[in-house]
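**Q** I need the structure of the sequence given here:
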Amino acid sequence: MESSAERRLDSITRHLLLPLQSNHGLQKVVLSSNGGLKHEEAEAVVIGGMVLDIHATPSVPANPRTTTPGKVSYVLGGVARNVAECMSKLGAKPFMISALGLDMAGNLLLEHWESAGLSTKGIWKHQNIETAVVCSILDASGELAAAVASVESIEKFLTPEWIEQFGCNIRSSTVVMVDANLNPSALKSSCQLAAESKIPVWFEPVSVEKSRRINSVVKYISIASPNEDELVAMANTLSGGNVFCPIERESSTSKYSKEKVFDMLKPAIWVLLENGIKIVIVTLGSDGVFLCSKGGPSLMRVGCEGVKPYNSNERLFNIMTANCSPKPFSSLQVSERSSFLFAVHFPALPASVVRLTGAGDCLVGGTISSLCAGLNIMQSVAVGIAASKAAVESETNVPSAFNLAAIADDAKSVYLAAKVIFHQSML
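**A** Numbers count the residues shown, from 1 in each chain. A predicted model of the protein is given here:
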């Protein structure tokens, strides 16, 4: 595979600054060093945890200090692993960098990875490693009630030295996704390797506590995908104090409008954008997603200028570009000034919920795989939401297979329902 330092973060920046055009197409190309256009294939690199999840779901309301009847299952997990598996089942070939032990949990994870035909070269395997395990107690609706995470091995063994061995993969990738399970030095090393070749970096916060690790690497981050609480924690960390508070919902039945929710989250979103993150994707569960950037509607044309699609990627690209042409947003005031905050709301899809633990990871995986296939950020987020719907209807964190036709249909309905929710100056 031909490597390329031309898949650059500044290509994203250039697209953010392009003037609107009445008829812009989506091109599956990258700029070559002499300004010409060429088609290329590339892989995304995913760096982070591979975890065995133990899910305990009570069949009756649980009582403290006693056992409760229910179902206990082993589920292959880890944020980075889930993202990479989702990508692979949508036709991408991600390169995974992680660490596993030679124990039962590690063997289960590794066997599944090998059976999917994915590379294990970036996965450090050693008898001294205790594979990361997370035990989660879910409520009857599939929501997480409590969990205990034994993931120290990810921080201890997924070191800068191990990651740096795969610098060639990182420098030739389309995008690098890092999850915040990495220790701060490994996180920084990963981001710096990508920055050397101006490869876009996607930061997945993992949890409220670990989301604060954004502080030391924010200057390298192109895209971040926090939920509401992670967004607030990241904004507070970058602001140096407890300036922002999570949204308080008085009860499970109280529901704010999407406009009200955005108004409450807007200051925190702006902090992330002011600190250099190009795109913020705020996940809202059943309330959908906010896609945010500085500037204006040229955000709709942003993509990881990418690769010549293959297999399912090419089919997905063709379906999505045929059915979801770029939105013109012609009624908007045309302004690409950096003082403007531009935000689009994407609705969630109705689903028959089995479990919710893989939804966010499949949203990220679906979005990244679509970007790598050549779709723009709007189309890619729509695919991500469609993939997350399939995930919540599955017993596993990532469905055993995706029905591509159903994904495309669901993505189309999300894409067509997306609405600009804010486009104003923040001055």
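**Q** hmm, I137 and A146 touching each other?
**A** Yes. With contact defined as Cβ atoms under 8 Å, A146 reaches I137; the gap is 4.8 Å. All C-beta atoms are positioned from the backbone trio N, CA, C, and that covers glycine.
**Q** so for the two, which sits in the more crowded spot?
**A** Neighbours per residue, other Cβ atoms under 10 Å: of A146 and I137, the larger number sits with I137, 18 against 11.
**Q** how far is the strand or helix carrying the more buried one from where the chain is centred?
**A** If you go by DSSP states H and E, I137 is part of strand 132-138. Mean-position distance between strand 132-138 and its chain equals 21 Å (Cα atoms, centre = their mean, to the nearest Å).
**Q** residues in contact with it?
**A** 49-58, 62, 77-78, 105, 144-154, 181, 355, 357 (Cβ atoms under 8 Å, 6 or more residues apart in numbering).
**Q** buried residues in that strand, which are they?
**A** Going by neighbour count (16 or more other Cβ atoms under 10 Å), the buried part of strand 132-138 is 132-134, 136-138.
**Q** which among those residues gets closest to L193?
**A** Proximity of the buried residues of strand 132-138 to L193 (Cβ to Cβ) peaks at A132, which lies at 22.8 Å.
**Q** against L291, how distant is that closest one?
**A** Here A132 is placed at a distance of 31 Å from L291 (Cβ to Cβ, to the nearest Å).
**Q** how about the helices of the stretch 251-400 of the chain, start to end?
**A** In the stretch 251-400 of the chain, the segments counted as helices under DSSP state H, counting those that start in this stretch are 258-274, 312-323, 359-373, 377-392.
**Q** show me what contacts the nearest residue to A401 once chain neighbours are set aside?
**A** Take A401 and drop its neighbours on the chain: the residue closest to it by Cβ to Cβ, 6 or more residues apart in numbering is K89, 6.3 Å away. Each residue near K89 by Cβ under 8 Å, 6+ apart is listed here: 398-399, 401-402.
**Q** quick check on those residues: which are buried?
**A** 398-399, 402.
**Q** what stretches of this protein score poorly on pLDDT?
**A** Applying pLDDT under 70 to the chain picks out residues 1-42, 142, 249-254, 299-313, 326-337.
**Q** doesn't C362 make contact with A390?
**A** Yes. The criterion here is Cβ under 8 Å, and A390 meets it with C362 at 7.0 Å.
**Q** need the residues touching each of these two.
**A** P399.
**Q** neighbour count winner among these two?
**A** Counted by other Cβ under 10 Å, A390 and C362 do not tie: C362 has more neighbours, with 30 against 24.
**Q** looking at the buried residues of strand 132-138, spot the one nearest S257.
**A** The nearest one, if we look at those relative to S257 and count by Cβ to Cβ, is L138, at 28.9 Å.
**Q** any idea how far the nearest residue to S400 once chain neighbours are set aside is from F340?
**A** Excluding the flanking residues, the one nearest S400 by Cβ to Cβ, 6+ apart is S394, at 7.4 Å. From S394 across to F340, the span is 39 Å (Cβ to Cβ).
**Q** do the same with T66
**A** Taken as Cβ to Cβ, the span from T66 to F340 is 56 Å.
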